[in-house]
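Participant: the following block contains a protein sequence and its predicted model.
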Amino acid sequence: MESVTAGFAGTAFALFGAALLVWTGARTIRRAPVALGVSPVASTTLATLFGVLFLAVGVWCLTRV
């Protein structure tokens with residue numbers, strides 16, 4: 001039963017992390033702000049860091065299935 005939960009969580013984390021990385025990359029290529037009212041470098045770095053983190057957690061969860 002835990003494998004179903006790990007599979008669902010892994011899929012959710014991996015999809016969110018990948019989408020965050022794609023969105024951040026698209027905003028960076030267009031030179032658009034990633035977050036309004038925040039330093040462009042800090043917001044891009046933080047969004048990239050969390051995208052990689054969520055993707056890594058998702059892959060780790062999927063290896064537990």
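Facilitator: Now that the structure is in, tell me what you want to look at.
Participant: next helix or strand past the helix or strand containing residue 22?
Facilitator: If you go by DSSP states H and E, residue 22 is part of helix 2-29. Note on helix 2-29: by DSSP H and E, the next helix or strand toward the C-terminus is helix 40-63.
Participant: ok now that following helix, how far from the chain's centre?
Facilitator: 4 Å (Cα atoms, centre = their mean, to the nearest Å).
Participant: repeat for stretch 7-27
Facilitator: 4 Å.
Participant: other residues contacting it?
Facilitator: With Cβ atoms under 8 Å, 6 or more residues apart in numbering as the test, stretch 7-27 has contacts from 33-34, 44, 47-48, 50-62, 64-65. Quick note: C-beta positions are derived from backbone N, CA and C, even for glycine.
Participant: how about a cut-off of 10 Å?
Facilitator: 32-35, 40, 43-65 (Cβ atoms under 10 Å, 6 or more residues apart in numbering).
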